[in-house]
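A.B. asks: pasting the structure only:
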């Protein structure tokens, strides 16, 4: 695993939402390292933002653990096709659906597609996110604030509400929060605020669904090397990205695979309402 890449990185920037192949270095999603053992055999998973970054790493791991996958993504078609190839190489079925999860109807369509094409939904991974960096409050428009919450939080509600009626006992919901949930970066005010809400949503949801034996948990990544970084942060921040944590480097998407697999595994039947921090040694409260 190429997880020892240490900043400084080559100064780089991309247009949103970012493309994996243009990153220097290209992230490690566990393509060559992750080995499954059937933990999720026969299960069906929806993964938002599954084309790249953490979503791609989770799709690869889930497929190698035996799950069929539906990945949703915005418009990064080449990245989505590459993720599909890895899932299919693992011998599992993969659907890749483009569209904006800010739309409630699109979220409902994703669930219906999983039901009809995969035969159900056992795992929902709410991973897709929007962020943008601003050094002044005045630069955050009403539209930017609203869009951040539509993608990061409202879509999560739409997808959960659509999926839960189809989920059996033992199913799992995994939401991607962030170290920003507890330690907000002021230049990512909208994003950090939405991530704090995600952590709260997850904790309440776990209690609401406990009687149905559906678990809800969150993963809180620290700085992870994904296309979101060069496409949303200033070049100077990208150059030193990850150096602020004790391990002095960003994590690779592959380094989150085991956290998501553990939370999806039916054997984790007493784990609900929790947040797993994957932060390179930086504690969250």
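C.D. replies: Happy to help now that I have it. If you're wondering where the values come from, they're calculated on a predicted model, not measured in any experiment.

A.B. asks: low pLDDT regions in the stretch 1-150 of the chain?
C.D. replies: Per-residue confidence of the stretch 1-150 of the chain (counting by pLDDT under 70) places the weak regions at 1-4.

A.B. asks: just the helices in it please.
C.D. replies: Under the criterion DSSP state H, counting those that start in this stretch, the stretch 1-150 of the chain contains helices at 53-64, 77-89, 104-113, 142-149.

A.B. asks: helices or strands up against the first one?
C.D. replies: With contacts defined as 3 or more C-beta pairs under 8 Å, 6 or more residues apart in numbering; DSSP states H and E, helix 53-64 has these neighbours: strand 44-48, strand 68-73, helix 77-89, strand 123-126, helix 257-264. Where you see a C-beta, it was placed from the backbone N, CA and C, and this is true even at glycine.

A.B. asks: ok so, going back, quick one: which of the helices of the stretch 1-150 of the chain is nearest residue 239?
C.D. replies: Closest to residue 239 of those, according to C-beta to C-beta: helix 53-64, at 19.1 Å.

A.B. asks: residue contacts, the residue minimising distance to the centre of the chain?
C.D. replies: What sits nearest the mean C-alpha location of the chain, by C-alpha atoms, centre = their mean, is residue 127, with 2.6 Å. Residue 127 sits next to 47-50, 54-55, 58, 176 when contact means C-beta atoms under 8 Å, 6 or more residues apart in numbering.

A.B. asks: again, but for residue 187
C.D. replies: Residue 187 makes contacts with 133-135, as judged by C-beta under 8 Å, 6+ apart.

A.B. asks: Mark which of the residues you listed are buried, thanks.
C.D. replies: Of all the contacts of residue 187 considered here, the ones buried according to neighbour count by 16 or more other C-beta atoms under 10 Å are residue 134.

A.B. asks: Among the contacts of residue 187, which one sits closest to residue 71?
C.D. replies: Distance to residue 71 across the contacts of residue 187 (C-beta to C-beta) is lowest for residue 133, with 26.2 Å.

A.B. asks: could you measure the closest one against residue 86, distance?
C.D. replies: When C-beta to C-beta, to the nearest Å is applied, the distance between residue 133 and residue 86 equals 30 Å.

A.B. asks: try residue 94
C.D. replies: Here the distance between residue 94 and residue 86 works out to 8 Å (C-beta to C-beta).

A.B. asks: So which of the helices and strands packed on helix 53-64 has the densest surroundings on average?
C.D. replies: Comparing the helices and strands packed on helix 53-64 by mean neighbour count (mean count of other C-beta atoms under 10 Å), strand 123-126 comes out on top with a mean of 28.

A.B. asks: in its sheet, what does it sit against?
C.D. replies: The pairing partners recorded for strand 123-126 under DSSP bridges are strand 44-48 (parallel), strand 172-176 (parallel).

A.B. asks: and the angle for the first one with helix 53-64?
C.D. replies: Same thing as strand 44-48. Our comparison of strand 44-48 with helix 53-64, counting by axes from the mean of the first three to the mean of the last three C-alpha atoms, to 10 degrees, yields an angle of 170 degrees.

A.B. asks: again, but for the last one
C.D. replies: Computed by the same axes, to 10 degrees, the angle separating strand 172-176 from helix 53-64 equals 150 degrees.

A.B. asks: Next SSE downstream of strand 172-176?
C.D. replies: Helices and strands here follow DSSP states H and E; after strand 172-176, the next one along the chain is helix 189-209.

A.B. asks: what's the offset of that next one from the middle of its chain?
C.D. replies: On the basis of C-alpha atoms, centre = their mean, to the nearest Å, the separation between the geometric centre of helix 189-209 and that of its chain is 14 Å.

A.B. asks: Can you list the neighbours in contact with the helix or strand following it?
C.D. replies: Following helix 189-209 in sequence order, the next helix or strand is strand 215-221 (DSSP H and E). If you take C-beta under 8 Å, 6+ apart as the criterion, strand 215-221 is touched by 54, 171-179, 181-182, 198-199, 202, 205-206, 209, 251, 256, 259-260, 263, 268-269, 271-279, 284.
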